[in-house]
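# Predicted coordinates and the sequence they were generated for:
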Amino acid sequence: MLTKDQKRELSIDTMASWALEGMEPDRQTVEDINSYIDGRMTLEEFIAKSKAL
């Protein structure tokens, strides 16, 4: 299980990678990432929600 700090660091790395690809997450995606970091959403829930978009 990842700690909150590990989740935050991985999220920062992921968004940096997206930026290098010219992609920018929308507001809802950023809110969902924050929900995952804070433990209000599991990674599985985040992935499922992202795929549904």
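Okay, I see it. Numbers count the residues shown, from 1 in each chain.
# going forward, measure contacts and count neighbours with C-alpha atoms only.
Will do.
# Same question for the helix or strand harbouring Ala48: list its buried residues.
Assessed by DSSP states H and E, Ala48 sits inside helix 43-52. Within helix 43-52, the residues scored as buried using 16 or more other C-alpha atoms under 10 Å are Leu43, Phe46.
# Just the residues contacting it, thanks.
If you take C-alpha atoms under 8 Å, 6 or more residues apart in numbering as the criterion, helix 43-52 is touched by Thr29, Asp32, Ile33, Tyr36.
# Dump that helix to PDB, restricted to CA.
Output in PDB follows, covering the C-alpha atoms of helix 43-52 (Å, rounded to 0.1, in the frame of the first residue of the first chain):
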ATOM      1  CA  LEU A  43      -6.900   3.500  -7.700                       C
ATOM      2  CA  GLU A  44      -9.300   1.000  -9.200                       C
ATOM      3  CA  GLU A  45     -12.100   3.500  -8.900                       C
ATOM      4  CA  PHE A  46     -10.000   6.300 -10.400                       C
ATOM      5  CA  ILE A  47      -9.000   4.100 -13.400                       C
ATOM      6  CA  ALA A  48     -12.600   2.900 -14.000                       C
ATOM      7  CA  LYS A  49     -13.900   6.500 -13.900                       C
ATOM      8  CA  SER A  50     -11.100   7.700 -16.200                       C
ATOM      9  CA  LYS A  51     -11.900   4.900 -18.700                       C
ATOM     10  CA  ALA A  52     -15.600   5.900 -18.700                       C
END
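# Off-centre distance for that helix?
Here helix 43-52 is found 10 Å from its chain centre; the criterion is C-alpha atoms, centre = their mean, to the nearest Å.
# Brilliant, that's me finished.
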